[in-house]
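Enquirer: Fold the stuff below for me.
(chains A and B, ligands or ions: 1)
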Amino acid sequence: MKKIGITTTIPSEVVYAAGMVPVDLNNIFITHNNPQLLVEEAELAGYPRNLCSWIKGIYTTVLNNKDIDTVIAVTQGDCSNTHALMETLDLAGIKVIPFAYPFDRDYDLLKLQIEKLMTALGTDWEQVNETKKTLDAVRKRLWQMDQLTWQDNKISGFDNHLFQVCSSDFNGNPEQFAKEMDDYLAKLPQQPEIKTELRIGYIGVPPIMDDLYDYLEERGARVVYNEVQRQFAMPFDTDDLVEQYRLYSYPYGIFYRLEDIIEQIKLRQLDGVISYAQSFCYRQIEDLIIRQKIDVPILTLEGDKPNKLDARTKMRLDSFLEMLR
Amino acid sequence: MYAGIDLGSRNVKVAILDDQGQLKLHKFDTVSFYREHGHMEDGQLLVDLSALGLGDIGWQQIVSTGYGRQTINLKGAKNIAEIKAHVTGAVYLTGKEDFTMLDLGGQDSKVALVRKGRMVDFETNDRCAASTGRYLENMAAVLDIDLAELSKHYQHPVELSSTCAIFGETELIGKVVEGYSVAELAAGVNYTIFKRVKPMLLKLASPTIVFTGGVAQNQALRQIVTQELNKEVLVPDNPQYNGAIGCAVTAKKLALQ
Ligand code: SF4
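Expert: Numbers count the residues shown, from 1 in each chain, chains lettered A, B, ... in the order given. Below is the predicted model of the structure:
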């Protein structure tokens, strides 16, 4: 089956309905055995040093994966760097299909975008709605996992992150992904409850370093809310595909995202929130709004290179946790 | 006896507190400290404190902090987070419970908001040394003066950008060429530090600022912070030992629990 690269969550129902497989480029980049090398390769190609590592990693990832010759790029509602990324990929002979989440969450505009994608890939509403049912069944497990994380304290912050973050493309195989979750869930009843003193929320794009969750857990604090990852899993009960992607908060403004964040902080009884932003990302500006609107303690964390927490970030995390105690 | 140890990037500072509240302070060069007193055990560097030459002291409790604490284990010591150590030190040394702490060390800067003796928020500098002791040393070297001289000047500062410690040198040399006096140049250097930390101080503002860390010995900077922000600025004695003192105070508290 033909693979299609995606730069972030898009209506994957459309891709699957068209008989193709979406591949989240972020996930291949970050699970590469040496992601920093991919970033450096992009820099050698001429990408600026002071640019977000995610963009650079995606660039090299596409070029290195010869079976990906088409990319669906979210040109509005995600990253404006995506524009230039697409231009450089275009130069390398990659076919680019743009997708735009309307800034004001306008229903009709969003519908139009989804229909354009359907035409580009060659599918129709009937097939898409059928696919939605299949994918929703997989998503239901993700919602259950999330609940088992924050209500039953059975799932670690990292596992919660990992499964939900994979829902952008369902690892290219929804059926198998569902099975992996079933296996995981089947083993849970025997697992002891995870007891930590502090309950932490994580907001912002997924972290570029993968040891954050374990580091926190070792120090008695557990992430029980992964904002964007949870949004990837579309935790809304609706049969209307357009409405689903309108409720999905990530591509829209910070005020809409904050509605969800504030509700979850209360519901999940969080002691503090880590607000993550990537180095050189425009989203860092939004931090000033977040700080004014949230009334639990916030630690703003900045990630730059892939993989491991640096000494300074560890120092900041330690100080934050001690402050919460 | 209670010991507090701050494993800094440049110096290791040790504060020893006794039951009468007397403080004794010692300083070691970081690299020779590890070389002479440390050894590897199970992939971790262990430091033997009894060999430090501080006399034969019956330690009741040892608390340490600092960058090194991720990879370095001090035998028998309990580690605490750096900002926490500094806040504890600042509360102890000033007797204040509500203030903004500004700590400028050899390589990093921290600002913490303290209410009722507890830290409620904090900020640290980004990956840059432009507001730290190291920066001041470099700039003093460019001007061919010592730190004591550098720290006298705050009037008529030349305009310097405050973005980078390294490019700052080139910019400073440019100003030397333009013919500014050493006093004006030194004042300009001191002002760049203020410009760097100003956003953090405004974000976490209080009527009182407790200024600690090695850079707090810079008189001109104290003056600049006071007049620019119109706030009370307190600098405890030996401000560069603040983190070690915070650890020693914590050690005493733990021992008495
Ligand atoms: S982290 Fe920010 S800069 Fe990087 S890709 Fe995402 S939106 Fe763009």
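Enquirer: all contacts plus neighbour counts: C-alpha atoms, from now on.
Expert: OK.
Enquirer: If the closest residue to residue B:22 other than its chain neighbours is in a bridge, with which residues?
Expert: In space, and not counting its chain neighbours, residue B:22 is closest to residue B:16: 8.0 Å by Cα to Cα, 6 or more residues apart in numbering or on different chains. On DSSP bridges, the residues paired with residue B:16 through beta bridges are residue B:3, residue B:24.
Enquirer: Look up how far residue B:187 lies from residue B:16.
Expert: The span separating residue B:16 from residue B:187 equals 36 Å under the rule Cα to Cα, to the nearest Å.
Enquirer: tell me which residues in the host helix or strand of residue A:178 are buried?
Expert: Assigning secondary structure by DSSP states H and E places residue A:178 in helix A:174-187. Within helix A:174-187, the residues scored as buried using 16 or more other Cα atoms under 10 Å in any protein chain shown are A:174, A:177-178, A:185.
Enquirer: quick one: the helices in the stretch 151-257 of chain B?
Expert: B:165-177, B:182-203, B:219-229, B:242-256 (DSSP state H, counting those that start in this stretch).
Enquirer: Identify each buried residue in the last one, please.
Expert: Which is helix B:242-256. Result for helix B:242-256 [16+ other Cα under 10 Å]: buried residues B:242-252.
Enquirer: can you give me the mean pLDDT across the helix or strand hosting residue A:72?
Expert: Here residue A:72 sits within strand A:70-76, counting by DSSP H and E. Taken as a whole, strand A:70-76 carries a mean pLDDT of 94.
Enquirer: what pairs with it, and is each one parallel or antiparallel?
Expert: When DSSP bridges is applied, strand A:70-76 pairs with strand A:3-6 (parallel), strand A:95-100 (parallel).
Enquirer: which one of those has the most crowded surroundings?
Expert: For the strands paired with strand A:70-76, the largest average neighbour count (mean count of other Cα atoms under 10 Å in any protein chain shown) is found in strand A:3-6, namely a mean of 22.
Enquirer: Around residue B:214, count how many other residues there are.
Expert: Applying other Cα atoms under 10 Å in any protein chain shown, we find 18 other residues in the vicinity of residue B:214.
Enquirer: Quick one: residues contacting it.
Expert: Residue B:214 makes contacts with B:104-106, B:133, B:239-241, as judged by Cα atoms under 8 Å, 6 or more residues apart in numbering or on different chains.
Enquirer: one more time with 10 Å, if that's ok
Expert: B:103-106, B:132-133, B:238-242 (Cα atoms under 10 Å, 6 or more residues apart in numbering or on different chains).
Enquirer: Dump the residues you listed into JSON lines; add distance to residue A:170 as well.
Expert: Listed next are these as JSON lines, based on distance: Cα to Cα, whole Å:
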{"residue": "B:103", "distance to residue A:170": "47"}
{"residue": "B:104", "distance to residue A:170": "48"}
{"residue": "B:105", "distance to residue A:170": "48"}
{"residue": "B:106", "distance to residue A:170": "48"}
{"residue": "B:132", "distance to residue A:170": "47"}
{"residue": "B:133", "distance to residue A:170": "50"}
{"residue": "B:238", "distance to residue A:170": "58"}
{"residue": "B:239", "distance to residue A:170": "55"}
{"residue": "B:240", "distance to residue A:170": "54"}
{"residue": "B:241", "distance to residue A:170": "54"}
{"residue": "B:242", "distance to residue A:170": "52"}
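Enquirer: Need the per-residue pLDDT for residue 221.
Expert: Using chain A. Reported pLDDT for residue A:221: 96.
Enquirer: Chain B was what I was after
Expert: pLDDT for residue B:221: 94.
Enquirer: So it sits against residue B:197, correct?
Expert: No: counting by Cα atoms under 10 Å, residue B:221 does not reach residue B:197; the two are 11.2 Å apart.
Enquirer: out of these two, which sits in the more crowded spot?
Expert: Higher neighbour count among residue B:221 and residue B:197: residue B:221, with 24 against 21, using other Cα under 10 Å.
Enquirer: quick one: the more buried one from residue A:207, how far?
Expert: Distance, residue B:221 to residue A:207, by Cα to Cα: 37 Å.
Enquirer: most packed of the helices of the stretch 151-257 of chain B?
Expert: A comparison of the helices of the stretch 151-257 of chain B by mean neighbour count, using mean count of other Cα under 10 Å, puts helix B:242-256 on top with a mean of 25.
Enquirer: Contacts only, for residue A:129.
Expert: A:13-14, A:17, A:135, A:239-241 are the contacts of residue A:129 under Cα under 10 Å, 6+ apart.
Enquirer: Same question for residue B:9.
Expert: Taking Cα under 10 Å, 6+ apart as the criterion, residue B:9 is in contact with B:29-31, B:66-68, B:105-108.
Enquirer: what would the residues you listed look like in a markdown table with neighbour count?
Expert: Putting the contacts of residue B:9 into a markdown table (neighbours: other Cα atoms under 10 Å in any protein chain shown) gives the following:
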| residue | neighbour count |
| --- | --- |
| B:29 | 13 |
| B:30 | 16 |
| B:31 | 12 |
| B:66 | 23 |
| B:67 | 17 |
| B:68 | 18 |
| B:105 | 23 |
| B:106 | 21 |
| B:107 | 18 |
| B:108 | 21 |
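Enquirer: List just the nearest of these to residue B:141.
Expert: Distance to residue B:141 across those (Cα to Cα) is lowest for residue B:106, with 15.5 Å.
Enquirer: Verify the contact between that closest one and residue B:66 for me.
Expert: No: judged on Cα under 10 Å, residue B:106 makes no contact with residue B:66 at a distance of 11.9 Å.
Enquirer: between the two, what contacts are shared?
Expert: Common contact partners of residue B:106 and residue B:66 (Cα under 10 Å, 6+ apart): B:8-9.
Enquirer: neighbours around the single nearest residue of the stretch 1-150 of chain B relative to chain A, how many?
Expert: In the stretch 1-150 of chain B, no residue comes nearer to chain A than residue B:81, which is 5.2 Å away by Cα to the nearest Cα. Using other Cα under 10 Å, residue B:81 is surrounded by 23 other residues.
Enquirer: With the ligand as the reference, measure out to it.
Expert: Distance from residue B:81 to the ligand, counting by Cα to the nearest ligand atom, to the nearest Å: 29 Å.
Enquirer: Quick one: residues contacting that residue.
Expert: Residue B:81 is in contact with A:314-323, B:64-67, B:69, B:247, counting by Cα under 10 Å, 6+ apart.
Enquirer: May I ask which of these has the most neighbours?
Expert: Neighbour max across the contacts of residue B:81 (other Cα under 10 Å) = residue B:247, 35 neighbours.
Enquirer: Excluding chain neighbours, give the residue nearest to that one in space.
Expert: In space, and not counting its chain neighbours, residue B:247 is closest to residue B:4: 4.2 Å by Cα to Cα, 6+ apart.
Enquirer: neighbours around the one you found, how many?
Expert: Residue B:4 is flanked by 32 other residues according to other Cα under 10 Å.
Enquirer: I figured it was touching residue B:252, is that so?
Expert: Yes: contact criterion Cα under 10 Å: residue B:4 and residue B:252 qualify, at 9.3 Å.
Enquirer: Burial check on residue B:237, number of neighbours?
Expert: Counted with other Cα under 10 Å, residues neighbouring residue B:237 total 13.
Enquirer: Touching, it and residue B:245? I think so.
Expert: No: using Cα under 10 Å, residue B:237 is not in contact with residue B:245; the gap is 11.2 Å.
Enquirer: Mind listing the shared neighbours of these two?
Expert: Joint contacts of residue B:237 and residue B:245 (Cα under 10 Å, 6+ apart) are residue B:93.
Enquirer: which parts of chain A sit against the ligand?
Expert: A:52, A:54-55, A:78-79, A:81, A:278, A:281-283 (Cα under 6 Å from any ligand atom).
Enquirer: could you redo the last one with a cut-off of 8 Å?
Expert: With Cα under 8 Å from any ligand atom as the criterion, chain A comes near the ligand at residues A:51-55, A:78-82, A:205, A:277-283.
Enquirer: filter these to the buried ones?
Expert: Buried members of the residues of chain A next to the ligand, scored by 16+ other Cα under 10 Å, are A:51-55, A:78-79, A:82, A:205, A:277-279, A:281, A:283.
Enquirer: Among those residues, name the ones in helices.
Expert: A:53-55, A:82 (DSSP state H).
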